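Undergrad: Compute the structure for the input listed below.
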Amino acid sequence: MRVVGLCLGPLATNCYLAWEEGAAEALLVDAAGEAADITGAAHRHGVRITLIVATHGHRDHTECLAQLKERTGAPLAVHRLDAPMLSDPTLSGAALFGFPQDNVAADQMLSEGDLISVGEGGPELTVLHTPGHTPGSICLLGEGALFSGDCLFAGGIGRMDLPGGDERAMMESLARLASLDPALTVYPGHGPTTTIGRELRTNPWLTSPSP
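TA: Residues are numbered from 1 along each chain as shown. As a prediction, the model looks like this:
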């Protein structure tokens, strides 16, 4: 699986294009910044975005969803518990951070264990429901890769003090990620890539996952 990361928007949010070598269709994980930046990257790599997945509903991860859906025609998938955030500026953090809020409807509601596939021979990813940062936060697990959204970062974790945050749920989610293959490359919602193994050695939230 090819993965290209883009760091976009005022909160330096990571977005990821993922596709199989030689394939024409790509998955987009999260949508920050301007739609033109993302579609331009897809064009440079010779792929078209045919599915958009939001790891959660915070505005910095959904900033250009409306533009992207219009430009690409790609459906949007999000966990059902975070779907209301796509049209609520209080839940999404848009009001808190001074972002404009578009009303975007999800085309597909995701749940634990759902399989996401993109195109003929494209990447297949499994949805892991990992609440704590938001009620409907998800990670996407594929061969050799974990898209962790704002659950797990290199050396840190997502905040739990925004609407819908839940510390107990976050600790349970982190314990679940800690049990995954240490060789997995982690593509987080902010900051550099890492591995599960590195976080098990260096991240205090995984080495001692208790408040």
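Undergrad: buried ones in stretch 81-101?
TA: 81-86, 88-89, 91-94, 99, 101 (16 or more other C-beta atoms under 10 Å). (C-beta placed from N, C-alpha, C; glycine too.)
Undergrad: Max pairwise distance over the residues you listed: which two?
TA: Pairwise distances among these were taken by C-beta to C-beta; the largest, 20.9 Å, belongs to L81 and F99.
Undergrad: before we move on, back to that, and which of the buried residues of stretch 81-101 is nearest to H133?
TA: D82 (9.9 Å).
Undergrad: can you put the buried residues of stretch 81-101 in JSON lines and add distance to L200, secondary structure and pLDDT?
TA: Shown next, in JSON lines, are the buried residues of stretch 81-101 (distance: C-beta to C-beta, whole Å; DSSP: H, G, I helix; E, B strand; the rest coil; pLDDT from 0 to 100):
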{"residue": "L81", "distance to L200": "28", "secondary structure": "coil", "pLDDT": "97"}
{"residue": "D82", "distance to L200": "27", "secondary structure": "coil", "pLDDT": "97"}
{"residue": "A83", "distance to L200": "33", "secondary structure": "helix", "pLDDT": "96"}
{"residue": "P84", "distance to L200": "34", "secondary structure": "helix", "pLDDT": "95"}
{"residue": "M85", "distance to L200": "31", "secondary structure": "helix", "pLDDT": "95"}
{"residue": "L86", "distance to L200": "34", "secondary structure": "helix", "pLDDT": "95"}
{"residue": "D88", "distance to L200": "36", "secondary structure": "coil", "pLDDT": "93"}
{"residue": "P89", "distance to L200": "37", "secondary structure": "helix", "pLDDT": "93"}
{"residue": "L91", "distance to L200": "32", "secondary structure": "helix", "pLDDT": "92"}
{"residue": "S92", "distance to L200": "32", "secondary structure": "helix", "pLDDT": "92"}
{"residue": "G93", "distance to L200": "30", "secondary structure": "coil", "pLDDT": "90"}
{"residue": "A94", "distance to L200": "35", "secondary structure": "helix", "pLDDT": "90"}
{"residue": "F99", "distance to L200": "34", "secondary structure": "coil", "pLDDT": "87"}
{"residue": "Q101", "distance to L200": "38", "secondary structure": "coil", "pLDDT": "87"}
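Undergrad: of these, closest to H58?
TA: Distances from H58 to these, taken by C-beta to C-beta, are shortest for G93, at 4.9 Å.
Undergrad: surely the closest one meets T62?
TA: No - between G93 and T62 there is no contact under C-beta atoms under 8 Å: 9.9 Å.
Undergrad: The longest helix along the chain: which residues count as buried?
TA: Criterion DSSP state H: the longest helix present in the chain is helix 167-178. For helix 167-178, a neighbour-count test (16+ other C-beta under 10 Å) marks 169-171, 173-174, 177-178 as buried.
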